[in-house]
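[1] Model the structure of this input:
(one chain, ligands or ions: 1)
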Amino acid sequence: MKTNNYIILRSRYYLSVFVILNLLFQIFSPPTMSHAIEHTLRTETIICEGTDYQTVAYFFSSEIEGPTVMIIAGVHGDELAGIKASKQFMENFEPERGTVIIIPEVNKEACENRVRTMPLEEDLNRVYPGDSKAQDIARLAGELFEIMEVNEIDFLLDLHESIEHYQVNPSHYGQTIILDDDNEPFLREISDYLVNQLNRLVFLPGNYFKVIIEPIIGCSTYEALNRHGIPGITFETSTRIDFCKRVTFHYHCIRNILNYFEIISLSHT
Ligand SMILES: [Zn+2]
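    I've put the predicted structure just below:
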């Protein structure tokens with residue numbers, strides 16, 4: 001009996017020491033590093049593979065769940081500022097949450113030839129939602145819309161340019177943010193936010209951005225909203241303005257939209 005009591009006491013002693021050491025370790029050990037390291041999964045999807053319309057969609061996914069935003073440029077191949085800005089933006093991009101899909105040269109052939117449309121008589125921004133089984137440019141539009149649907153995107157940003165300021169000649173859209181529907185409070189809210197942010201970068205009042213309502217059947221944002229309930233805006237700069245400044249506008253447009261969705265934090269970038 002005496003030996004048994006001795007063993008029990010000894011065991012209690014070791015157990016107490018183990019519990020105390022464990023507590024001390026938990027108090028003084030360094031915090032876990034798992035939150036300090038952010039990972040971005042980068043993948044690519046080939047659109048219209050093997051055809052004249054072949055182009056690439058780049059995916060940037062955070063480990064942390066969040067909204068999915070799609071950014072497209074080069075729908076018109078001679079509207080260079082959005083193409084340049086989206087390519088620049090992709091270089092070091094790390095989303096803090098969610099997923100961003102960027103297609104910097106939607107109409108690749110038109111971009112390479114620096115012409116508005118390719119084929120010349122077909123305007124891609126009038127053939128949405130397209131048809132992924134077609135053989136002509138409707139296939140490009142169709143595959144792009146399939147990416148939107150499959151990835152259940154929350155917002156579409158379509159980057160464009162125009163040859164004149166809307167303020168000077170309203171038949172052109174330079175320096176505007178175009179909405180397809182004035183009855184969507186969310187679209188009004190996000191576009192008002194964007195205008196306020198971007199006009200801080202504008203020195204001449206003639207270059208101020210303005211929100212306009214212009215529903216155009218067959219254009220990306222109109223069809224995304226009306227067929228799939230996906231909100232989006234078309235962003236337009238005027239080519240009357242210096243190229244570097246226009247690239248800056250597109251770059252900040254992308255950053256502010258992603259900041260609005262808390263995919264990036266402007267204070268950290
Ligand atoms: Zn355009």
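[2] For the ion, what is the nearest residue in the stretch 101-250 of the chain?
    His160 (3.4 Å; Cβ to the ion). Using the backbone N, CA and C atoms, a C-beta is placed for each residue, glycine as well.
[3] Residues of the stretch 101-250 of the chain that sit close to the ion?
    His160 (Cβ under 5 Å from the ion).
[4] Show me where the stretch 101-250 of the chain has its strands.
    Using DSSP state E, counting those that start in this stretch, the strands assigned to the stretch 101-250 of the chain run over residues 155-162, 176-179, 210-213, 232-238.
[5] What count of nearby residues applies to the residue of the stretch 101-250 of the chain closest to the ion?
    Neighbours of His160 under the rule other Cβ atoms under 10 Å: 24.
[6] Kindly report the same for the one 3 residues further on.
    Applying other Cβ under 10 Å, we find 13 residues neighbouring Ile163.
[7] dump the residue contacts of the residue in the stretch 1-150 of the chain positioned nearest to the ion.
    Residue of the stretch 1-150 of the chain nearest the ion, by Cβ to the ion: His76 (3.6 Å). His76 sits next to Asn107, Ala110, Arg116, Thr117, Asp123, Leu124, Asn125, His160, Glu161 when contact means Cβ atoms under 8 Å, 6 or more residues apart in numbering.
[8] What of Phe59?
    Contacts of Phe59 (Cβ under 8 Å, 6+ apart): Leu41, Arg42, Thr43, Glu44, Thr45, Thr99, Val100, Ile101.
[9] Just say helix, strand or coil for the fifth one.
    For Thr45, the secondary-structure state derived from DSSP: H, G, I helix; E, B strand; the rest coil is strand.
[10] All good on my end, thank you.
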